[in-house]
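Trainee: Sequence first, predicted coordinates after that:
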Amino acid sequence: MAKYRIEIDRETCIGDGACTNEAPETLEMDDENIAVVKDPEGNSDEEVKAAAECCPTDAITLYDTESGEKVWPED
């Protein structure tokens, strides 16, 4: 089971693609050049967190799957 639940804000994503470079088995760009989750367990937890952290607009929010608490972006 994946450590993170991944949410992507389609309004905030600018299609930079940096996230897909960090976690290419988890994230991909759709037909509108917006990041989407293709497999939450495709990459390691560390790679998924790195993908979220490199997003220039913080469009990717990560939640701990056990506690439900937001992990990224930090408040």
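Mentor: Now that the structure is in, tell me what you want to look at.
Trainee: got the residue ranges for the strands in the chain?
Mentor: 4-8, 27-29, 35-37, 60-64, 70-72 (DSSP state E).
Trainee: what about the fourth one, average pLDDT?
Mentor: When the per-residue pLDDT values of strand 60-64 are averaged, the result is 98.
Trainee: Give the pairing partners of that strand; include direction for each.
Mentor: Sheet pairing here is set by DSSP bridges, and for strand 60-64 it gives strand 4-8 (antiparallel), strand 70-72 (antiparallel).
Trainee: same thing with the second one?
Mentor: Strand 27-29 has its sheet partners listed here by DSSP bridges as strand 35-37 (antiparallel).
Trainee: centre of the chain versus the partner strand, how much separation?
Mentor: 7 Å (CA atoms, centre = their mean, to the nearest Å).
Trainee: Wait, T12 touches A59, no?
Mentor: Yes: look at T12 against A59 with CB atoms under 8 Å: they come within range, at 3.9 Å. (Each C-beta comes from the backbone N, C-alpha and C, glycine too.)
Trainee: Spatially nearest residue to E22 (excluding sequence neighbours)?
Mentor: A51 (3.8 Å; CB to CB, 6 or more residues apart in numbering).
Trainee: Just list the residues touching that neighbour, thanks.
Mentor: Applying CB atoms under 8 Å, 6 or more residues apart in numbering to A51 gives the contacts 18-20, 22-23, 26-27, 43, 60.
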